[in-house]
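1. the following comprises the amino acid sequence and a computationally predicted model.
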Amino acid sequence: MMKPSDVITLFIALYGAILSTAIFWREQQKDRRTLRVSCRISFGISARGTTTGQHYLSIEAVNNGHRPITITQVGLLTNTKEICIPVMSDPNFYPIPKKLEDGESVMVHMDWNDITNADPRLKDKKAYYIKAFVEDAEGEKYFASLPKVLKELGIAK
């Protein structure tokens, strides 16, 4: 049978082990680069407040970690593991590469007509988009699901 002092010592040792593990895990998480990626449909508005009739697929990346992260590529991934990236020279629509500090975000707008007509195999259902992605300078990809309207058009699953 254990003495009361042994039980207290065991309890303190267990408490210390759990506490040190929790602190270690929290410190490891704090040093990780984390990025939240979202994808949605958007449309253009003129200076007068009327819609321009142009629709876009907007991919947004938010640095919700505590370390800076540089975004080097944004696009769509297909089931054939090919990528569809916007080729734009307008920095307002494709401000990449972009260094994001803690809490900063960047949004890339892909022209709706361009993504729906990007690959002829999309029309005959041999290829389809599966995810939106953002890639950082270290080559790590972060993914987001696609809007339902792409799935309804039959060019995404």
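-> Now that the structure is in, tell me what you want to look at.
2. just checking, next helix/strand downstream of the worst-scoring helix or strand of the chain on mean pLDDT?
-> Least confident helix or strand, the chain: helix 120-123 with a mean of 66, by mean pLDDT, DSSP states H and E. Next along the chain after helix 120-123, taking DSSP states H and E as the criterion, comes strand 129-136.
3. I115: neighbouring residues, count only.
-> 21 (other C-beta atoms under 10 Å). Where C-beta positions appear, they are placed from N, C-alpha and C, glycine not excepted.
4. got the contact list for stretch 58-67?
-> Stretch 58-67 has contacts (C-beta atoms under 8 Å, 6 or more residues apart in numbering) with 30-42, 69, 71, 74-75, 100-110, 132, 134, 142, 144.
5. stretch 147-157: which residues count as buried?
-> 147, 150, 155-156 (16 or more other C-beta atoms under 10 Å).
6. so which of these is the closest to K126?
-> Of all those, K126 sits closest to I155, with 11.2 Å by C-beta to C-beta.
7. you'd agree that closest one is up against K126?
-> No: between I155 and K126 there is no contact under C-beta atoms under 8 Å: 11.2 Å.
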